[in-house]
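Undergrad: structure of the sequence below:
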Amino acid sequence: MNLFMHSAYKHVVGVALLLALMLSSCTRQPAPIPLPQQSGELVVAMRLSPTTVYRDSSGELAGPDYELVSAFAAWQGFRLRCVFFERDRQVLEALDHGQAHMAASGLTVTEAARTVARFGTPYQQRRQVVAVRRDDPRPADRLSELATRRGWIAADAPQLRQLQANGEQRDGRLVVADASGAVDALQQVNDGERDFAVVDSLLLARMRHWLINLEQAFVLPGERPVAWAFPRYGDQALFAAAEEFLRRARTDGTLLSVYDRHFGHLQRLESSDIDQMLEFRLSRLPQYRELFRQAGQISGIDWHWLAALAYQESKWDPQATSYTNVRGIMMLTESTAEQMGVNNRLDPRQSIFAGARYLAGIVESLPASIQLEDRLSMALAGYNLGEGHLRAGRRLAAAMHLDPDTWAGVKRALPELARPDIAARLVSGPARGGEAVILVENVRSYYEVLSAAESSPLTRRSRFEFYRTPPVAADPIIW
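TA: So this is what the prediction gives:
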């Protein structure tokens, strides 16, 4: 072999080796992470969603699945590290590739998913619904009536085959996509760009407070089990511990409390209730918005909560008066007004500032160990009932083997305060606890509607970004 040929041969071999190394580096998966028992760190794969885990207005992680997996990690003595992916498929692949110990992302248990991951016992059963615009002149109560309309459905939805059989997909009317696109699909329906979307019932209930043109057309038959997922051949000890944690959470009320905290209020308002609030937001609220803001700064309570409470109490009418002589925009009783130094309950400034201070006082009187959202819900009930009746309700919750430190437990006990046989044993006497529960759930809903309506278009867009993970090629986003 001459020198030229030898040099060329070495060059070709070198290029071939380089290409082989590059190819292997592109296809090689990262080394599996160590077991949590070894590292002390539990790595959980997740996808941002309004019904599972999201970033709150301060950018902190929140949501029912995040609360549950955080509690599980603490119970096991592990540090929690969440890795986020854009799609459910990527979440499951992270388990299969050893990038996460488990997934807690509201995953639906399907036959296809079982080929990739091992699922625990379902902790929830979800229903699918059809979302449409409220002003759509073509009512529908079955899938077959949607054959000529522009729709969206997740690729793993059991109704997909029926919709395809009806012929929607032939000319592109039906978009079939990953479940991660459901929020965008609802936005499109809300904006009139699409006629319907088949989505999770909780997702629609949540998004209706922000996308006010949406409504539920009908509920689809069947339920979809939701569970935590694990690698098929992963750590058996971790799987068993997770099963035991969720068993206890179901038994001791933790699961109920977590989901009530996030979703317990969502079904309370009708579309007409939201319409009226938004109308009064334009005609009545402007006169009092700055007072609510100032009261919020003084009391430490988000002014949207104060305004939502005032709307529930008086529809922002400073002259409002009830048959029990509760008066003013914050509907103060005579005794509360005297306690707060109010000499004119019909004066909006006095009423708003006093109501804010009174509510903040109830919040501060509750044990700091109670989660803030639960404390605020209890304080709203106390605002309606009085602190004595709230204390009685919490004691009654404990006697009923409910958790007196969660709103989910207390709200089940409060209606019992109206029973004569129970009221007779209470120092505070009878109370209309059921009305207080309704007030709290309404205020929680009005707060969400108002805070969304008050945000700027830019802020509103960023609110939806809390539920999205920026697109990634393969690598997760680590939080």
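Undergrad: just say helix, strand or coil for Ser445.
TA: helix (DSSP: H, G, I helix; E, B strand; the rest coil).
Undergrad: and it, how many neighbours?
TA: 23 (other CB atoms under 10 Å). Every residue, glycine included, has its C-beta placed from N, CA and C.
Undergrad: which residue is nearest the middle of this protein?
TA: For the chain, the residue sitting closest to the mean C-alpha position, by CA atoms, centre = their mean, is Thr51 at 4.2 Å.
Undergrad: nearest residue to that one other than its sequence neighbours?
TA: Leu202 (4.7 Å; CB to CB, 6 or more residues apart in numbering).
Undergrad: pretty sure the residue nearest to the centre of the chain sits against Ser201.
TA: No - counting by CB atoms under 8 Å, Thr51 stays clear of Ser201, with 9.5 Å between them.
Undergrad: could you check how far the residue nearest to the centre of the chain is from Arg206?
TA: Using CB to CB, to the nearest Å, Thr51 is found at 6 Å from Arg206.
Undergrad: how is Arg118 assigned, secondary-structure-wise?
TA: strand.
Undergrad: show me where pLDDT drops low in the protein?
TA: Within the chain, the ranges that satisfy pLDDT under 70 run 1-30, 57-58, 164-172, 456-479.
Undergrad: tell me the domain ranges of it?
TA: With domains defined by automatic domain parsing, the chain comprises 36-123+230-263, 128-222, 271-457.
Undergrad: so who does Ser377 touch?
TA: Trp407, Lys411, Val440, Arg444 (CB atoms under 8 Å, 6 or more residues apart in numbering).
Undergrad: check Ile298 too.
TA: Contacts of Ile298 by CB under 8 Å, 6+ apart are Phe353, Ala356, Arg357.
Undergrad: and what of Thr336?
TA: Ala354, Tyr358 are the contacts of Thr336 under CB under 8 Å, 6+ apart.
Undergrad: got the CA coordinates for the helix or strand where Ala217 lies in CSV?
TA: Ala217 belongs to strand 214-219 when elements are defined using DSSP states H and E. Included here for strand 214-219 are C-alpha records, laid out as CSV according to Å, rounded to 0.1, in the frame of the first residue of the first chain:
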residue,chain,number,x,y,z
LEU,A,214,-66.9,27.4,28.1
GLU,A,215,-69.6,25.0,29.3
GLN,A,216,-70.1,21.3,29.6
ALA,A,217,-72.3,19.8,26.9
PHE,A,218,-72.5,16.3,28.4
VAL,A,219,-70.6,13.7,30.4
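Undergrad: note down every partner strand of it and its orientation.
TA: strand 128-133 (antiparallel) (DSSP bridges).
Undergrad: hmm, Thr254 is touching Ala71, no?
TA: Yes - between Thr254 and Ala71 there is a contact under CB under 8 Å: 7.1 Å.
Undergrad: quick one, which of the two is more surrounded?
TA: Between Thr254 and Ala71, Thr254 has the larger neighbour count (other CB under 10 Å), namely 19 against 15.
Undergrad: ok, that one - contacts?
TA: With CB under 8 Å, 6+ apart, Thr254 has these contacts: Leu68, Ala71, Arg248.
Undergrad: Met102: which of these is nearest?
TA: For the contacts of Thr254, the minimum distance to Met102 (CB to CB) is 11.4 Å, reached by Leu68.
Undergrad: quick one: contacts of the helix or strand harbouring the closest one?
TA: In this assignment (DSSP H and E), Leu68 forms part of helix 64-76. Residues outside helix 64-76 that contact it (CB under 8 Å, 6+ apart): 36, 42, 44, 46, 51-53, 79-80, 82, 102, 104-106, 228, 241-242, 245-246, 249, 254-255, 258-259, 261-263.
Undergrad: if we go to 7 Å?
TA: 42, 44, 46, 52-53, 80, 104-106, 241-242, 245, 249, 258-259, 262 (CB atoms under 7 Å, 6 or more residues apart in numbering).
Undergrad: biggest separation within these, which pair?
TA: Greatest spacing in the contacts of helix 64-76, by CB to CB: Ala241 and His262 (24.2 Å).
Undergrad: just to revisit the earlier point, in JSON lines: the contacts of Ser377, plus secondary structure, neighbour count and distance to Ile301.
TA: What follows is these, written out as JSON lines (DSSP: H, G, I helix; E, B strand; the rest coil; neighbours: other CB atoms under 10 Å; distance: CB to CB, whole Å):
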{"residue": "Trp407", "secondary structure": "helix", "neighbour count": "28", "distance to Ile301": "16"}
{"residue": "Lys411", "secondary structure": "helix", "neighbour count": "24", "distance to Ile301": "20"}
{"residue": "Val440", "secondary structure": "helix", "neighbour count": "28", "distance to Ile301": "15"}
{"residue": "Arg444", "secondary structure": "helix", "neighbour count": "24", "distance to Ile301": "14"}
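Undergrad: in strands, which of the contacts of helix 64-76 fall?
TA: Counted as lying in strands by DSSP state E, out of the contacts of helix 64-76, are Leu42, Val44, Met46, Leu80.
Undergrad: select only the buried ones of those in PyMOL?
TA: Selecting only the buried entries of the ones in strands among the contacts of helix 64-76 in PyMOL, with 16 or more other CB atoms under 10 Å as the criterion:
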select buried, resi 42+44+46+80
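Undergrad: just give me the closest of the ones in strands among the contacts of helix 64-76 to Val176.
TA: Met46 (23.6 Å).
Undergrad: for that closest one, give me its contacts.
TA: With contact taken as CB under 7 Å, 6+ apart, Met46 is in contact with Val53, Asp65, Cys82, Phe84, Val91, Ala103, Ala104, Ser105.
Undergrad: tell me the bridge partners for the fourth one.
TA: Counting by DSSP bridges, Phe84 forms beta bridges with Met46, Ile477.
Undergrad: correct me, but it touches Leu48?
TA: Yes - with contact defined as CB atoms under 7 Å, Phe84 reaches Leu48; the gap is 6.2 Å.
Undergrad: more crowded one of the two?
TA: Neighbours were counted for Phe84 and for Leu48 using other CB under 10 Å; Leu48 has more, 26 against 23.
Undergrad: ok, that one to Phe245 distance?
TA: Taken as CB to CB, the span from Leu48 to Phe245 is 23 Å.
Undergrad: just want the angle from the helix holding Leu68 to strand 41-46.
TA: Interaxial angle of helix 64-76 relative to strand 41-46 (axes from the mean of the first three to the mean of the last three CA atoms, to 10 degrees): 170 degrees.
Undergrad: need the strands for the stretch 151-300 of the chain, in chain order.
TA: According to DSSP state E, counting those that start in this stretch, the stretch 151-300 of the chain carries its strands in the segments 151-154, 174-177, 196-200, 214-219, 224-226, 229-231.
Undergrad: which one of those strands lies nearest to Pro139?
TA: Of all the strands of the stretch 151-300 of the chain, strand 214-219 comes closest under CB to CB, at 7.4 Å.
Undergrad: that closest one: which residues count as buried?
TA: Using 16+ other CB under 10 Å as the test for burial, strand 214-219 gives Leu214, Glu215, Gln216, Ala217.
Undergrad: hang on, the second one packs against Ser272?
TA: No - contact status for Glu215 versus Ser272: not in contact, 11.0 Å apart, counting by CB under 7 Å.
Undergrad: from start to finish, how long is stretch 86-102 in a straight line?
TA: Start to finish, the residues bounding stretch 86-102 are 16 Å apart (CA to CA, to the nearest Å).
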